[in-house]
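Asks: Show me how the following folds:
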Amino acid sequence: MIVHFRPAYLHKSQGRPGNDAGTGWVQEARLIFGDASVNGEIPDLPCDIMDGALTIDGELHDNHIPMPLDSEAHAELRLVFDSVHAVTVTGRGVRLQLSGEPEYVEEFRP
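Replies: Numbering: from 1, shown residues only. Sure, this is the predicted structure:
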């Protein structure tokens, strides 16, 4: 199962991405799950994601995906699109694959 983000927002930081100052970029990304199942209501695609969380082997990553990512552990991705549509993808193993060149968007200052 592949979840394709076109594009994904990337935060590069010397500290904690999403929390500390850094730079914002966009780049295509694929979150690839092994032995996956999908539950929920999928809206017409493509669409915006309003909220989400990735749990890997019990460790919660709220509203972000760690990089680099290549794990064989149990993983669960929860994506919320709007008040009606939400999807949960579960699988055994997950990896993040970036493609194309990143494009600079902004300075990130919390």
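Asks: Mind jotting down where the strands sit in the protein?
Replies: 2-12, 22-33, 37-40, 51-56, 59-62, 70-80, 86-108 (DSSP state E).
Asks: Report the beta-bridge partners for the nearest residue to P17 once chain neighbours are set aside.
Replies: Leaving aside its chain neighbours, P17 sits nearest to H11 (4.3 Å; criterion: CB to CB, 6 or more residues apart in numbering). No exception for glycine: its C-beta is placed from N, CA and C like everyone else's. For H11, the beta-bridge partners under DSSP bridges are G24.
Asks: Report the separation between H11 and A53.
Replies: To A53, H11 is 16 Å away according to CB to CB, to the nearest Å.
Asks: Between the two, which has more neighbouring residues?
Replies: Between H11 and A53, counting by other CB atoms under 10 Å, H11 is the more crowded of the two (19 against 16).
Asks: which ones are touching the more buried one?
Replies: Counting by CB atoms under 8 Å, 6 or more residues apart in numbering, H11 makes contact with 17-18, 22-25, 64, 108.
Asks: Neighbour-wise, which one of the residues you listed leads?
Replies: That'd be G22 among the contacts of H11, by other CB under 10 Å, with 20 neighbours.
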